[in-house]
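*Asks:* sequence plus the predicted model coming up.
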Amino acid sequence: MRVTATSEQKTVILGILKGIATTHGPGVATEVDRTTIAAAATIMLDAPQPDYETLRSPTAAEVAAVLTPGSEVASEAVRLATVMALVDGVLDALKLEAVVGLAAALDIHEDYVADLAEAAHGHLKEAMAHMVRENMESVTGKPWTGDTTNDVGAWALPYRGEDANPALAARFLALEHLPETTFGHRFFTHFRENGYNFPGEPNGLNAEFSVPHDSAHVLAGYDTKPAGEILTSTFTASMHPRNAMAAHVLPVIFSWHLNIKFNDVAKSAIGGLHPAPFFDAWQRGAAINVDLFAPGWDFWAAAPVDLDELRRRYAIPPIAAPLT
């Protein structure tokens, strides 16, 4: 959903973003910085696209006077500033420290801010380990106490050897025989086109993650290329807001935009974050009226439903800012 903010608050937030972009000086902002500010204005803040040259970075006193510490508007300002700090595709310590300082000034103490602080101080492994734990807790809905490498790998690939589950795999394979326009058939096609094994097959991913995650791909209409993975996880973060930034948004930006590899299961790439589609995915995930990761969502009941009809039932808006 768009932030409920006054015109003055929106101007201050956009000024904060410019301040992050120009951390190293007024003349060093990139084209993607400008594009990000424009997309944040029109998509996230429902505000006119600002004139970048005349947009002014607010002072600390102005920020404190306009954004109430601890408020949702303040929290959204810090989230947007986080994206701004990473959009150029590098871990810039000064930009990250600026975001951490902003969060402290606005009394925002979400876990992902601590991850930014760790990364800013060169403690990347610690930040990544925490993101993995947050992701596992968000996906499973319970505390994660396991090792962030070996135990995650074992959880992600549970059907190897004697643990294969042919009966579960057969249920997914049977989706091929549903009408082609149904959600279930499109889910089947999504797996086949990407060369994925189904849950239950020896190299299939855990159904607890794979079913809702790949359902989000199909329902939201995002592919599995790096940019599509970022959009799917951003959609998920808004739809399933438990540990949203630390569990879903930061990990995919690190993986698919900064080319930082988390583990042997996850892949990585560079340059997958595109501002307008990213913010559009953020808003689309906030609009959906179900949570695919919630225990009550029934994949098998949804499978025979026409995909377009299911999107209408779930109130998923069409893509407004497609990747180009």
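*Replies:* Ah, there it is.
*Asks:* where along the stretch 101-250 of the chain do the helices fall?
*Replies:* For the stretch 101-250 of the chain, the helices defined by DSSP state H, counting those that start in this stretch cover 111-120, 124-140, 150-156, 166-173, 183-194, 207-220, 226-239, 250-256.
*Asks:* do you know which of the ones you listed lies nearest residue 3?
*Replies:* helix 226-239 (12.4 Å; CB to CB). The C-beta positions use only the backbone N, C-alpha and C, and glycine is treated the same way.
*Asks:* give me the distance from the closest one to the chain's centre.
*Replies:* Offset of helix 226-239 from its chain centre (CA atoms, centre = their mean, to the nearest Å): 4 Å.
*Asks:* next, the buried residues of that helix.
*Replies:* Buried residues in helix 226-239, counted by 16 or more other CB atoms under 10 Å: 226-239.
*Asks:* same question, stretch 189-207
*Replies:* 190-191, 196-201, 204-207.
*Asks:* for stretch 165-185, same thing?
*Replies:* For stretch 165-185, by 16+ other CB under 10 Å, it's 165, 168-169, 171-173, 175, 178, 182-185.
*Asks:* tell me which two in the residues you listed are the farthest apart.
*Replies:* The span of those, defined through CB to CB, is set by 165 and 182 at 23.5 Å.
*Asks:* rewinding a little: got CSV for the buried residues of helix 226-239, with pLDDT and distance to residue 300 too?
*Replies:* Compiled in CSV, the buried residues of helix 226-239 are given as follows (pLDDT from 0 to 100; distance: CB to CB, whole Å):
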residue, pLDDT, distance to residue 300
226, 94, 30
227, 96, 30
228, 97, 25
229, 96, 25
230, 97, 28
231, 98, 26
232, 98, 21
233, 97, 24
234, 97, 27
235, 98, 22
236, 97, 20
237, 96, 25
238, 96, 25
239, 97, 20
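*Asks:* count of neighbours near residue 213?
*Replies:* Neighbourhood size, residue 213 [other CB atoms under 10 Å]: 18.
*Asks:* I'd say it and residue 239 touch.
*Replies:* No: counting by CB atoms under 8 Å, residue 213 sits too far from residue 239 to count as a contact (11.2 Å).
*Asks:* that older thread, now the buried residues of stretch 165-185 as CSV including pLDDT and distance to residue 127?
*Replies:* Conversion of those to CSV gives the following (pLDDT from 0 to 100; distance: CB to CB, whole Å):
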residue, pLDDT, distance to residue 127
165, 98, 35
168, 98, 35
169, 98, 36
171, 98, 38
172, 98, 35
173, 98, 40
175, 98, 38
178, 98, 43
182, 98, 41
183, 98, 36
184, 98, 38
185, 98, 40
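*Asks:* buried residues in the helix or strand encompassing residue 311?
*Replies:* Per DSSP states H and E, residue 311 falls inside helix 307-313. Neighbour-count burial for helix 307-313 flags 307, 310-311 (criterion: 16+ other CB under 10 Å).
*Asks:* which residue is the nearest non-sequential neighbour of residue 38?
*Replies:* Excluding the flanking residues, the one nearest residue 38 by CB to CB, 6 or more residues apart in numbering is residue 49, at 4.8 Å.
*Asks:* tell me the contacts of the one you found?
*Replies:* Neighbour list for residue 49: 38, 41-42 [criterion: CB atoms under 8 Å, 6 or more residues apart in numbering].
*Asks:* run a quick neighbour tally on residue 296.
*Replies:* Neighbours of residue 296 (other CB under 10 Å): 6.
*Asks:* gap between it and residue 101?
*Replies:* Going from residue 296 to residue 101 by CB to CB, to the nearest Å gives 40 Å.
*Asks:* next one: residue 277
*Replies:* Going from residue 277 to residue 101 by CB to CB gives 29 Å.
*Asks:* who has more neighbours, the two?
*Replies:* residue 277 (24 against 12).
*Asks:* isn't that one right next to residue 284, touching?
*Replies:* No: counting by CB under 8 Å, residue 284 is not a contact partner of residue 277; they are 10.0 Å apart.
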